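A.B. asks: coords please:
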Amino acid sequence: MRGRKSPYVVALTEEEHRELSHWVRSPSTLAGLARRARAILLVSEGKSLAETGRIVGMGRRIVRLWVTRFTAKRIEGLKDKPGRGRKPSFSP
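C.D. replies: Reported below is the predicted structural model:
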């Protein structure tokens, strides 16, 4: 493995590993959520942030952001925050 060793270490419980693996394999999971779950699984296996980013298709900085959110809030940190996206321009 080239480069520096990542200071970010993710330790998953058996239940978290099972749920993240399910998200990655499930066709009904939102694509963004599945990518985040895969990134967390790769980092927990000891992959560097840069290598994880290349595999998943994210930048190293974005992988670091999701790892930080996961370590702070665990599974709930990977889900989209409410209120994301463009607000409607016309009233209903």
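A.B. asks: what is the burial count for Leu41?
C.D. replies: 20 (other CB atoms under 10 Å). Every residue, glycine included, has its C-beta placed from N, CA and C.
A.B. asks: for it, which residues are in contact?
C.D. replies: Residues near Leu41 by CB atoms under 8 Å, 6 or more residues apart in numbering: 12, 17, 20-21, 24.
A.B. asks: tell me how far Thr52 lies from Lys73.
C.D. replies: 19 Å (CB to CB, to the nearest Å).
A.B. asks: who has more neighbours, the two?
C.D. replies: Neighbours were counted for Thr52 and for Lys73 using other CB under 10 Å; Thr52 has more, 25 against 11.
A.B. asks: quick one: contacts for the more buried one?
C.D. replies: 39, 42-43, 58, 63.
A.B. asks: what about Ala34, how many residues nearby?
C.D. replies: Neighbours of Ala34 under the rule other CB under 10 Å: 19.
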